[in-house]
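Asker: Below are the sequence and a predicted model; questions follow.
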Amino acid sequence: MKIASWNINGIKARHDVLIEWLRQAEPDIVGLQEIKSIDENFPREEIEDLGYNVETHGQKGFNGVAILSRLPFDEVNRGLPGNDEDEQARFIEGVFTVGERALRFVSLYLPNGNPTDDPRKFDYKLAWMDRLHTWAKIRLDLEEALILAGDYNVIPQGEDCWDPTVWESDALFRQETRSRFEALKSLGFSEALRSCTDERAYTFWDYQAGAWPKNHGIRIDHLLLSPEAAPMLLGCAVDSYVRDWEKPSDHVPIWASIGV
DNA sequence: ATGCCTTAAAGGTTAAGA
């Protein structure tokens, strides 16, 4: 089966592009980020007509995540635990049955964190990463196939951006951010793409300054696999061709093939 | 290079994004 993650930058503006990609790529489970829609306004009809169950965790105007799945949901959980004051919709978890086993899948939209001198931004990002770490540690105790898919807003290594000097003081590349991402992986997660290839790959190209034609991209969308999910991995790729379509998102889908 | 574009929601412009 095929699982994917895609920050679509607005479901209303990206509806037709999403439908076309679903038709061509035929993923079984998709995590979407930045739907920028409340749940009631999410255009689910054509997606459901393609055979997907749809669960959203939306918010007015910005943020918002969703999971589309050909498998029925056994369970859905919305919001990252650890801070009851946090109103931002950045996390949704679905549980599925694959064969006899549970497959737990998360669509997450990790805070951007810029500007770094604003505690409401950078400190919020780091605290969100700490909460994710705490949550993930508990989930790993279940010893299930667990996939954390999403826009992490983390550039893991220098080779994951076109020019590290440009990003050096940015919240996506700051040491505090990267060390937290490393710490999360150290719990036992592997990156699907890096398990398959060391080749340079990007998942985001800015709309501005001709970033796409110049290939000035960054790799910030990731699929993290638990120790139980990692052996199921058959392949992983980035659908960068979607960036060339009419009215594209600034992110492109990343997907993995999972043997079940 | 301090968002150069794009989105959403407001409302005749502004906030947010990376």
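Answerer: Received, thanks.
Asker: can you list the residues of chain A near DNA strand B?
Answerer: Contact residues, chain A versus DNA strand B (CB under 7 Å from any atom of the strand): A:7, A:9-14, A:34, A:36-38, A:41, A:60-63, A:111-112, A:114-115, A:121, A:151, A:153, A:172, A:204, A:206-209, A:218, A:220, A:247, A:250. Bear in mind the C-beta positions are built from the backbone N, C-alpha and C, glycine included.
Asker: Tell me how far residue A:137 lies from residue A:78.
Answerer: Counting by CB to CB, to the nearest Å, the separation of residue A:137 from residue A:78 is 20 Å.
Asker: what does residue A:55 give?
Answerer: From residue A:55 to residue A:78 the distance is 8 Å (CB to CB).
Asker: Who has more neighbours out of the two?
Answerer: Of the pair residue A:55 and residue A:78, residue A:55 is the one with more neighbours under other CB atoms under 10 Å, namely 21 against 14.
Asker: tell me which residues form a beta bridge with that one?
Answerer: As for beta bridges, residue A:55 partners with residue A:67 under DSSP bridges.
Asker: repeat for residue A:78
Answerer: residue A:92.
Asker: pLDDT wise, what is it at?
Answerer: For residue A:78, the pLDDT comes out at 97.
Asker: List the residues that contact it.
Answerer: A:57, A:89, A:91-93 (CB atoms under 8 Å, 6 or more residues apart in numbering).
Asker: Return the closest of these with respect to residue A:168.
Answerer: Checking the contacts of residue A:78 against residue A:168 by CB to CB gives residue A:91 as the nearest, at 28.6 Å.
Asker: So for chain A, the centremost residue is which one?
Answerer: residue A:150 (1.0 Å; CA atoms, centre = their mean).
Asker: quick one on the thing from earlier: the contacts of residue A:78 into CSV, with extra columns for neighbour count and pLDDT?
Answerer: Putting these into CSV (neighbours: other CB atoms under 10 Å; pLDDT from 0 to 100) gives the following:
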residue, neighbour count, pLDDT
A:57, 22, 97
A:89, 24, 97
A:91, 26, 98
A:92, 27, 98
A:93, 25, 98
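Asker: Residue A:191: what's it in contact with?
Answerer: Per CB under 8 Å, 6+ apart, neighbours of residue A:191: A:156, A:185, A:222-225.
Asker: just to revisit the earlier point, list residues touching both of residue A:55 and residue A:78?
Answerer: residue A:92.
Asker: And for stretch A:31-45, what's in contact with it?
Answerer: With CB under 8 Å, 6+ apart, stretch A:31-45 has contacts from A:4-12, A:15, A:18, A:54, A:56-68, A:90, A:92, A:105-109, A:149-151, A:251.
Asker: what about that stretch, distance to the chain center?
Answerer: 15 Å (CA atoms, centre = their mean, to the nearest Å).
Asker: what's the span of that stretch from first residue to last?
Answerer: End-to-end distance for stretch A:31-45, by CA to CA, to the nearest Å: 17 Å.
Asker: Kindly report the same for stretch A:49-64.
Answerer: First-to-last residue span, stretch A:49-64, CA to CA: 22 Å.
Asker: That stretch: which residues count as buried?
Answerer: A:52-59, A:63-64 (16 or more other CB atoms under 10 Å).
Asker: Please work out which residues outside it touch it.
Answerer: Residues contacting stretch A:49-64 (CB under 8 Å, 6+ apart): A:11, A:19, A:22-23, A:30, A:33-39, A:41-42, A:44, A:47-48, A:65-73, A:76, A:78-79, A:87-92, A:94, A:109.
Asker: For the stretch 51-200 of chain A, which segments count as helices?
Answerer: A:122-140, A:164-167, A:175-186, A:192-196 (DSSP state H, counting those that start in this stretch).
Asker: if we can go back for a sec, can you redo the contacts of residue A:191 as a markdown table with neighbour count?
Answerer: Output for those, formatted as a markdown table (neighbours: other CB atoms under 10 Å):
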| residue | neighbour count |
| --- | --- |
| A:156 | 20 |
| A:185 | 16 |
| A:222 | 25 |
| A:223 | 28 |
| A:224 | 24 |
| A:225 | 25 |
